[in-house]
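Undergrad: What follows is a predicted structure for the sequence shown.
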Protein chains: 2
Amino acid sequence: MPGFTGGTLSRVADHRNDAEAFAAAMGDWRARLLKLDGYDPEITEDGRLGWTMVTEAPDDAHIVLLGFDEGRPRFAAAPEGVPAPPLRSPALFRALDQLEAGEAATYAMARSVLDWNARHRFCANCGTLTESFRAGWGRKCGNCATEHFPRVDPVVIMIAEHDGRALLGRQPSWPAGRYSALAGFLEPGESIEEAVAREIQEEAGVSVSGVRYVASQPWPFPSQLMIACIGIADDDAITLDDNELETAGWFTRDEVRAALAGDGPFVAPPNYAIAHTLLTRWAAEG
Amino acid sequence: MPGFTGGTLSRVADHRNDAEAFAAAMGDWRARLLKLDGYDPEITEDGRLGWTMVTEAPDDAHIVLLGFDEGRPRFAAAPEGVPAPPLRSPALFRALDQLEAGEAATYAMARSVLDWNARHRFCANCGTLTESFRAGWGRKCGNCATEHFPRVDPVVIMIAEHDGRALLGRQPSWPAGRYSALAGFLEPGESIEEAVAREIQEEAGVSVSGVRYVASQPWPFPSQLMIACIGIADDDAITLDDNELETAGWFTRDEVRAALAGDGPFVAPPNYAIAHTLLTRWAAEG
């Protein structure tokens, strides 16, 4: 299962529009607030999220109803107007390695919605300060009445395949030795399949066809939907866009399997990234 | 091929960040501007988009570089701050029925990016009026330096399948007799497969598993990515959320095929909607 999936909270969207139901959930003695250190999760020794009383929410926080855990209301809060830092901390990377999959899904939801609220306080239509509504799942403008909802930005992430080998690349900012699937934001006016073909063409100069979908995951930095695909390359000549990639190359299934096992010609992406899922699935096809 | 896909413009993203290349494209004698009546396309008798000289762009318009058509620069423009009307006109519906698929893809890109600019003139981070940059594919805040990029909102659209029948529903606002696939916005912190299961559960009270991806399309009203899937229902008992649906029911492949042929128990969705593609593919599986 891809990272950040398998969450067990019920989202109870019907509670978001219902002020009475929201107030009852806040007042429920079983209600809990996600423990956060800034935007990093505070996790227990057995890889689970920490929870505290809702009264621990900071003053002037915006509060988000995450959902119900077997009837028990679960909330998250962050100080109004303080977004997540642009760079992820080493503590966060360690936490992501330790978090159970379903727990990471709850964290992803909380982080994306809190951070979106913090970075979208003003009305994009008229510039007025907005108010949180729908239990933290939206913001409404008191001036022009425009309603704003959290962004989810679709990203395609993919390998091109040619003659039993997969095209992988590396970005200069990545850890030493890391190679992974190519990726890029899907743009207005294109399908998933078209975005995959365009990105591989732009970044590596490789034409693909026969694009097929493999899997998806949410990625909460800040709020992407990662859509993993495989395309079939017409040939293996690479023309690198060095604004995007430091290098790119073709790897056999044996090489990818060895890398996933920690002993290959490159350092594989981490477990919780869908590139890991994608490489694992591709390697298993051979 | 799903509607709004198959566009033939090269997006030349490298031109967006390059002021000189953008100016050269604007000054190119082969440059053309998409003919629009407000946000509706002006189409020719053979179902193609109309184009005019770039000098026809309104004063104070924001200009978007759509891409190159075999080396010929293609632009679109709309008056600054005038968004698309919330309701689609009868003229637009007629145009969509007549437009060739690849032409509709170009129109979808233009409409989504122009309309996003018009509805996002102010910085969501600080409320300041922003400026268009990246050849119309972004807006930048002169006060806090935040960069904003066009939204693409992923939507899942799906049928549940049970014992050879597909679950379809109808919304009260639809044309008389129309049934279609259920649909809803994907939320932060969930995968495509999870969003499909959640939406079918919320709208119809039906549990599904084994969700599989079928196809995708852009939908420019205002800027969705429609992701079509099929899930396998545990049973066929429906519990309707009547805030979302007027009614829902199960239809056999023969009934769906008849409807797609214009002679069935319900009115099928239009050709250019991916629900049409989804129903066509599902009906062909039996």
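TA: In hand now; what should we look at?
Undergrad: need the strands for the stretch 101-250 of chain A, in chain order.
TA: Using DSSP state E, counting those that start in this stretch, the strands of the stretch 101-250 of chain A run over residues A:130-133, A:138-141, A:147-148, A:153-162, A:165-170, A:182-185, A:208-219, A:224-233, A:247-252.
Undergrad: so which of those comes closest to chain B?
TA: strand A:208-219 (4.1 Å; C-beta to the nearest C-beta). C-beta: built from backbone N, CA, C; applies to glycine.
Undergrad: what angle sits between the closest one and strand B:208-219?
TA: Computed by axes from the mean of the first three to the mean of the last three C-alpha atoms, to 10 degrees, the angle separating strand A:208-219 from strand B:208-219 equals 110 degrees.
Undergrad: Name the strands paired with strand A:208-219 and say parallel or antiparallel.
TA: Next to strand A:208-219 in the sheet, as set by DSSP bridges, lie strand A:224-233 (antiparallel).
Undergrad: Buried residues in the partner strand, which are they?
TA: A:224-231, A:233 (16 or more other C-beta atoms under 10 Å in any protein chain shown).
Undergrad: Also stretch A:38-54?
TA: A:39-41, A:43, A:49, A:51, A:54.
Undergrad: filter those residues by proximity to chain B?
TA: For chain B, no contacts are drawn from the buried residues of stretch A:38-54 by C-beta under 8 Å from any C-beta of the partner chain.
Undergrad: Looking at those, which are in strands?
TA: A:40-41, A:51 (DSSP state E).
Undergrad: which residue sits closest to the residue of the stretch 151-286 of chain A found nearest chain B in space, ignoring its chain neighbours?
TA: Closest residue of the stretch 151-286 of chain A to chain B, C-beta to the nearest C-beta: A:G189 (2.7 Å). Distances taken as C-beta to C-beta, 6 or more residues apart in numbering or on different chains place B:M109 nearest to A:G189, at 2.7 Å, with adjacent residues excluded.
Undergrad: neighbours of the one you found, just the number please.
TA: 28 (other C-beta atoms under 10 Å in any protein chain shown).
Undergrad: What are the phi and psi values at A:D59?
TA: Note on A:D59: backbone dihedrals following degrees, to the nearest 10 are phi -60, psi 150.
Undergrad: quick one: pLDDT of it?
TA: Note on A:D59: pLDDT of 84.
Undergrad: same question, A:G286
TA: 80.
Undergrad: thought it was touching A:R165?
TA: No. If you go by C-beta atoms under 8 Å, A:G286 and A:R165 don't touch, sitting 10.2 Å apart.
Undergrad: so is A:F93 in a helix, a strand, or just coil?
TA: Following DSSP: H, G, I helix; E, B strand; the rest coil, A:F93 is assigned to helix.
Undergrad: Look up how far A:G127 lies from it.
TA: Noted for A:F93: a distance of 37 Å to A:G127, by C-beta to C-beta, to the nearest Å.
Undergrad: Would you mind telling me which of the two has more residues around it?
TA: Taking neighbours as other C-beta under 10 Å, A:F93 and A:G127 compare with A:G127 leading, 19 against 13.
Undergrad: Test my guess that that one contacts B:N125.
TA: No. Counting by C-beta under 8 Å, B:N125 is not a contact partner of A:G127; they are 11.0 Å apart.
Undergrad: show me the residues around the closest residue to chain B within the stretch 1-150 of chain A that make contact.
TA: Taking C-beta to the nearest C-beta, chain B has its nearest neighbour within the stretch 1-150 of chain A at A:M109, 2.7 Å off. Listed by C-beta atoms under 8 Å, 6 or more residues apart in numbering or on different chains, the contact partners of A:M109 are A:7, A:9, A:66, A:218, A:220, B:187-190.
Undergrad: what about the nearest residue to A:E285 once chain neighbours are set aside, how many neighbours?
TA: Leaving out its chain neighbours, the residue that sits closest to A:E285 by C-beta to C-beta, 6+ apart is A:R253, at 7.8 Å. Close neighbours of A:R253, defined as other C-beta under 10 Å, add up to 17.
Undergrad: what's the answer for A:V155, then?
TA: Neighbours around A:V155, by other C-beta under 10 Å: 19.
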